[in-house]
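Peer 1: I need the structure of the sequence given here:
(chains A, B, C and D)
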Protein chains: 2
Amino acid sequence: MSGRKPVVALENPGVERAAEFIRDAVSERKVVVVVGNCWVDYRGRASSKLEPGERIVVIKEDGSVLVHRPVGYEPVNWQPAGCLFQTRVVGDVLHVRAIRRKPSESVRISFDRVYLLSAMSLVDRGEFSLHASEEDMQRAILLEPSILEDGLKPITYEKKVEPGFVDVYGVDRNGKLVVVEIKRKTAGRDAALQLARYVDFVKTVANREVRGVLAAPRLARGVQRLLATLGLEFKALDPKKCTEVLRKSETRKLAEFFEEA
Amino acid sequence: MSGRKPVVALENPGVERAAEFIRDAVSERKVVVVVGNCWVDYRGRASSKLEPGERIVVIKEDGSVLVHRPVGYEPVNWQPAGCLFQTRVVGDVLHVRAIRRKPSESVRISFDRVYLLSAMSLVDRGEFSLHASEEDMQRAILLEPSILEDGLKPITYEKKVEPGFVDVYGVDRNGKLVVVEIKRKTAGRDAALQLARYVDFVKTVANREVRGVLAAPRLARGVQRLLATLGLEFKALDPKKCTEVLRKSETRKLAEFFEEA
DNA sequence: TGCTAAATCTCGAAC
DNA sequence: GTTCGAGGTTTAGCA
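Peer 2: Residues are numbered from 1 along each chain as shown, chains lettered A, B, ... in the order given. The predicted structure is shown next:
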């Protein structure tokens, strides 16, 4: 732990020193950050020219490049992962060129001054998750059933059936019963089978046709076919859209909703 | 020039020192770059959680924030310009919170170690231009006339006529003469009137019917009606599509093209 | 101000 | 590999 030095930084290196440093760092798959006065020429899907100014340039270990001005969310120039790099000095100017195949394009960044140059070996295994709880998604459907399908009218939720609880239970625009199973992330075979059991149970109790709808951000591989076999349906439901619905209707309470309906 | 120090950097500052440094830099509207081990919680249009890992965080002078992992073009977390910042230390953890109103959201970045911390006053007045010159668009039409309309056959280009030069001059699928006027951006009334003059000239010389086509990314307001009045046509032509055509056919030379035709 | 269309879109999954 | 669709999309152009 104490032996590791994740970041090495140089202040105001000459362009020759900087070129050497960048070449080494890129070949060692390190992340490189360069702050300096530069201009940029891009040619590929489109073409662009950026006149000189002071910017931050990031070269990542996967070969992606970002040129950031002092303002703005977006990079002014960039290149996605997979670039090859050429670094060389011509006169007093350091040229860093990122080359990409398919589509064939290149970004050339030219520095006449480098203020800060650093190379880093970053360890980042942290998981990233976008969440919207299953309960959030359920509440969103109850508040705004049209996000699932037009004309859907929820009757109850968390209804007890044989094997467990039906997430949402309602009637579609044609008066047909609908059982909805919600998954907050990719729905697997288990979700499909669980829904099938619920549908079967409701069918025997109600003694009429029942639709089964699996609502999830996406389906796992092969589950679409399984659903077809089971006579069930899939409806893509974006957790973020649910969060939006909740935010917009956060003044309306669930209780009020059912009173109105 | 020699007195200006655009970038100040600290290596391995403690979190207390880092907090103070960031507070000062942000209040002075400097750009701040932090490299360290951090985790991120976002709540707003959606919600997200990023487990600990080593990343690069950039806070720009306009109040935008970027959290970059060691790979990938896109930031894993971010916030657009206009954020307010809270920086504080709790225990041994440095929390930087970016708050945005409308939509109300916040990103909290928590560091337990900072490897590199720098603040910079960058001067960037350089102009950025995405180009596809009018000449590029002309060459694209000559190489691939179908991007304008099927069956179009160019005869010459830059043809001298009374008031100037016709960009492209050709014959359509029905053998009718066509005069094309190209504009690389929104075409205004002037472009329409210029085209009208060219068409009139060619009509008097050729003594037969002549179509006038204005090729541009779009029309300014009211120009569509003016074109109709003048008996001219508009064809949307995307500069980027032209660049694509040129890239795909860059081995074919213009001369060869005319020899083949 | 809100909507619509484009972006050097990027990114990932399905086919 | 290519195509298709979503994104905390963002951003720019108009009604």
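Peer 1: Whichever strand or helix holds residue A:86 - contacts with which helices or strands?
Peer 2: Element membership for residue A:86, per DSSP states H and E: strand A:84-90. Judged by 3 or more CB pairs under 8 Å, 6 or more residues apart in numbering or on different chains; DSSP states H and E, the packing partners of strand A:84-90 are helix A:15-27, strand A:93-100. From N, CA and C alone the C-beta is placed, and that goes for glycine too.
Peer 1: okay, it in PDB with CA atoms only?
Peer 2: The C-alpha trace of strand A:84-90 is given here as PDB (Å, rounded to 0.1, in the frame of the first residue of the first chain):
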ATOM      1  CA  LEU A  84      -3.300   4.400 -31.300                       C
ATOM      2  CA  PHE A  85      -1.000   7.200 -30.400                       C
ATOM      3  CA  GLN A  86       1.800   9.000 -32.100                       C
ATOM      4  CA  THR A  87       3.800  11.500 -30.000                       C
ATOM      5  CA  ARG A  88       6.500  13.600 -31.500                       C
ATOM      6  CA  VAL A  89       8.200  17.000 -31.300                       C
ATOM      7  CA  VAL A  90       8.600  19.300 -34.200                       C
END
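Peer 1: is it possible to export the helices and strands packed on strand A:84-90 to a markdown table including distance to residue A:189, mean pLDDT and mean neighbour count?
Peer 2: Listed next are these as a markdown table, based on distance: least, CB to CB, whole Å; pLDDT from 0 to 100; neighbours: other CB atoms under 10 Å in any protein chain shown:
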| stretch | distance to residue A:189 | mean pLDDT | mean neighbour count |
| --- | --- | --- | --- |
| helix A:15-27 | 44 | 98 | 18 |
| strand A:93-100 | 39 | 98 | 20 |
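Peer 1: coming back round to it: quick one, the strand holding residue A:86 and helix A:15-27 angle?
Peer 2: Counting by axes from the mean of the first three to the mean of the last three CA atoms, to 10 degrees, strand A:84-90 points 170 degrees away from the direction of helix A:15-27.
Peer 1: Go ahead and name everything in contact with strand A:84-90.
Peer 2: Residues outside strand A:84-90 that contact it (CB atoms under 8 Å, 6 or more residues apart in numbering or on different chains): A:15-16, A:19, A:22-23, A:26, A:59, A:63, A:94-100.
Peer 1: ok, residue A:68 touching residue A:57?
Peer 2: Yes. Here residue A:68 reaches residue A:57: they are 7.5 Å apart, a contact under CB atoms under 8 Å.
Peer 1: quick one on the thing from earlier: and the helices and strands packed on strand A:84-90: which comes nearest DNA strand C?
Peer 2: Closest to DNA strand C of the helices and strands packed on strand A:84-90 is strand A:93-100 (CB to the nearest atom of the strand; 8.4 Å).
Peer 1: What pairs with the closest one, parallel or antiparallel?
Peer 2: Using DSSP bridges, the strands paired with strand A:93-100 are strand A:84-90 (antiparallel), strand A:105-120 (antiparallel).
Peer 1: Can you confirm whether it lies near DNA strand D?
Peer 2: No. For strand A:93-100, no contact with DNA strand D is found by CB under 7 Å from any atom of the strand; the gap never falls below 13.7 Å.
Peer 1: Likewise for stretch A:45-62?
Peer 2: No. Using CB under 7 Å from any atom of the strand, stretch A:45-62 never reaches DNA strand D; the gap is at least 13.5 Å.
Peer 1: coming back round to it: nearest to residue B:114, of the strands paired with strand A:93-100?
Peer 2: Among the strands paired with strand A:93-100, the nearest to residue B:114 by CB to CB is strand A:105-120 (12.3 Å).
Peer 1: Quick check: buried residues in the closest one?
Peer 2: By neighbour count, with 16 or more other CB atoms under 10 Å in any protein chain shown as the criterion, the buried positions of strand A:105-120 are A:105-111, A:113-120.
Peer 1: from those, which is closest to residue A:144?
Peer 2: Relative to residue A:144, and with distances defined as CB to CB, the nearest of those is residue A:105, at 43.1 Å.
Peer 1: so who does the residue nearest to the closest one when sequence neighbours are not counted touch?
Peer 2: Excluding its sequence neighbours, the residue lying closest to residue A:105 (CB to CB, 6 or more residues apart in numbering or on different chains) is residue A:44, at 2.1 Å. Residue A:44 sits next to A:100, A:103, A:104, A:105, A:106, A:107, B:247 when contact means CB under 8 Å, 6+ apart.
Peer 1: what do you get if the cut-off is 10 Å, keeping everything else the same?
Peer 2: Taking CB atoms under 10 Å, 6 or more residues apart in numbering or on different chains as the criterion, residue A:44 is in contact with A:79, A:99, A:100, A:103, A:104, A:105, A:106, A:107, B:243, B:247.
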